[in-house]
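> A structural model of the following input is requested.
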Amino acid sequence: MLDRIEKDYGYFDFLFDKIGGKAKDFQEIIKSLIYNKLTNNVSVNQILNIYPDEVFGYLGLKETPAERTFYRTIERIGDNFGIILELYQQFLAKYNLISKEQFVDFSSTYFEGTKQELGALGYSRDGAFGKKQITFGISTGINDLPTALTIQKGNVQDKKHFDHIFNVATKVLDKGSILIFDCGANTKTNKKMVRNGEYHYLTLKAKKRERNLARS
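Coordinates of the predicted model:
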């Protein structure tokens, strides 16, 4: 699948050619990380223990990479997150892959360490209370293709985070698109922002004993 998306669409060149710099085998390491996510999805520090050398050869690497190479690649991706996201949205637009129906959701993930600047204590969806975390928002089309991703401090509530994901998603959404989100982001301010942008919404209206759908 990785070979086909590159052959048919030039996906990896489109997204990563400009940020690879002099890093050796940059795209091949990215493919290895994606391959891991699509298969066993183990921690980065376990990749070399799980996959045989032949897998890395299949992914275009002439030799098995060192563990630090994976972390350096992840760091470079993080440093260039804004550029990659913009290129990704351009890629979706180029191939007409942006759905007019978007599901907006929020979650969090915690850190074992304590030095991450975005890390903060907040409501933990992982059940890891007492550990610092980040929150992230994602907008996914009804075609199952993500359109936008935002990352915020670990104590940012959904109703506040919505403003960030809305601003990123609407860079590429057509007017009249519908955003579907849970009651955590259902505020008068957010709904007004959606309508002022000439979009529509479908959301849950929370009540003590019943849950209704609100739409516009």
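> in the protein, which segments are predicted with low confidence?
For the chain, the stretches with pLDDT under 70 are 114, 126, 207-214.
> can we see that at 90?
Within the chain, the ranges that satisfy pLDDT under 90 run 1-4, 6-7, 18-24, 109-132, 134, 154, 204-216.
> Next, find the distance separating the most centrally placed residue in the chain from N155.
Most central in the chain under C-alpha atoms, centre = their mean is L149, positioned 4.3 Å from the mean C-alpha point. L149 sits 19 Å away from N155, taking C-beta to C-beta, to the nearest Å as the criterion. Yep, even glycine has a C-beta here, placed from its N, CA and C like the rest.
> what's the span of stretch 107-119 from first residue to last?
Using C-alpha to C-alpha, to the nearest Å, the end-to-end distance of stretch 107-119 comes out at 14 Å.
> same deal with stretch 5-16?
14 Å.
> what comes up buried for that stretch?
Counting neighbours by 16 or more other C-beta atoms under 10 Å, one finds that the buried residues in stretch 5-16 are E6, Y11, F12, F14, L15, F16.
> Would you format those residues as JSON lines with distance to G141 and secondary structure included?
Output for these, formatted as JSON lines (distance: C-beta to C-beta, whole Å; DSSP: H, G, I helix; E, B strand; the rest coil):
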{"residue": "E6", "distance to G141": "22", "secondary structure": "helix"}
{"residue": "Y11", "distance to G141": "17", "secondary structure": "helix"}
{"residue": "F12", "distance to G141": "21", "secondary structure": "helix"}
{"residue": "F14", "distance to G141": "19", "secondary structure": "helix"}
{"residue": "L15", "distance to G141": "18", "secondary structure": "helix"}
{"residue": "F16", "distance to G141": "22", "secondary structure": "helix"}
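> tell me which of those residues is nearest to S139?
The nearest member of these to S139, counting by C-beta to C-beta, is L15 at 18.1 Å.
> what sits against the closest one?
L15 makes contacts with I84, L87, Y88, F91, as judged by C-beta atoms under 8 Å, 6 or more residues apart in numbering.
> so how far is V55 from it?
For L15, the distance to V55 - C-beta to C-beta - is 22 Å.
> count of neighbours near F56?
Using other C-beta atoms under 10 Å, F56 has 22 other residues around it.
> whoops, D105 was the one
D105 has 16 nearby residues by other C-beta under 10 Å.
> What helix or strand is it located in?
Using DSSP states H and E, D105 sits in strand 101-110.
> can you list contacts of that strand?
Counting by C-beta under 8 Å, 6+ apart, 122-126, 128, 131-142, 147, 154, 158, 161-162, 165-166, 169, 173, 177-182, 184-185 sit against strand 101-110.
> Just the buried ones from the residues you listed?
122, 124, 131-141, 147, 154, 158, 161-162, 165-166, 169, 173, 177-181, 184-185.
> show me where this structure has strands.
101-110, 133-141, 146-153, 178-181, 200-206, 211-215 (DSSP state E).
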